[in-house]
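Undergrad: Sequence first, predicted coordinates after that:
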Amino acid sequence: MNVIRAHNVPGVVWACFSSADGPGASISVAFCSARGWGWSAFFIGSRTHRRRPENAKVKRKLDTSRFMAEPITDAAVLLGDKANMRHRMELMIMEIQAEFCRALESEEMCGKKFQWTVGSERRKHKNREYGNNERQWQLLRRGRYVEFNVIYDRGTKFGLYTPGARYESILMSLPLHARWEYMHEPKSTSKEGELMKVLKNPKDWV
């Protein structure tokens, strides 16, 4: 049973954040739990202090101009003669190439560290017994995901308002089973309650 625990959050956040700022690239990748702006991006407005389900990753704007390969035109000429349209186009292409390659490299590093960190936690708890209470909690969290996805997610809203959209494809990410309960609140001393304390009160773990 995939039950996320509050004490796992700092380690997972740091694993991804430490891999994100590689040499030559100013990119900050963090989890919602780590950054205030991440919490705001996935805020469920109809619920006070409720956020999107865990593990959602957000990316800030990447800003890098280092070339990944030698340009056709001498670099000094490109930088010194920006009024020339051909030189400007070549320079722009080189910068886009550099940005894409470094973003891909950073994402791969982040993905590997995330996979290792979360994987180790899952292996540690994979044989832990679970019952109906854990199953109901999982369904409730999936319900929160559905709520965010169909009401607030910008990608989903864009797809639904696109003429001729295939709604079946747009909503394919929704879980097969989910659950809602009126005014549900877990016990504050339970594992679920400890997790909700983290989700309702964002901390800067990094």
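TA: Thanks, I have it.
Undergrad: And the helices in this protein?
TA: Listed in chain order, the helices of the chain (DSSP state H) span 9-20, 36-41, 75-80, 85-125, 132-151, 154-160, 167-170, 191-200.
Undergrad: Of those helices, flag the one that's most buried.
TA: helix 9-20 (a mean of 19; mean count of other C-beta atoms under 10 Å). For the C-beta atoms, the positions are set from N, CA and C on the backbone; glycine is no exception.
Undergrad: just to revisit the earlier point, of the helices of the chain, which is nearest W180?
TA: helix 132-151 (4.7 Å; C-beta to C-beta).
Undergrad: That closest one to helix 191-200, inter-axis angle?
TA: For helix 132-151 against helix 191-200, the angle by axes from the mean of the first three to the mean of the last three C-alpha atoms, to 10 degrees is 30 degrees.
Undergrad: re earlier: quick one, which of the helices of the chain is nearest to L176?
TA: helix 132-151 (9.1 Å).
Undergrad: which other helices and strands contact that closest one?
TA: Helix 132-151 is packed against no helix or strand, with contacts defined by 3 or more C-beta pairs under 8 Å, 6 or more residues apart in numbering; DSSP states H and E.
Undergrad: can you rerun that using 10 Å?
TA: Packing partners of helix 132-151 (3 or more C-beta pairs under 10 Å, 6 or more residues apart in numbering; DSSP states H and E): helix 154-160, helix 191-200.
Undergrad: ok, back up a step: so for R179, which of the helices of the chain sits nearest?
TA: Nearest of the helices of the chain (C-beta to C-beta): helix 132-151, 3.5 Å.
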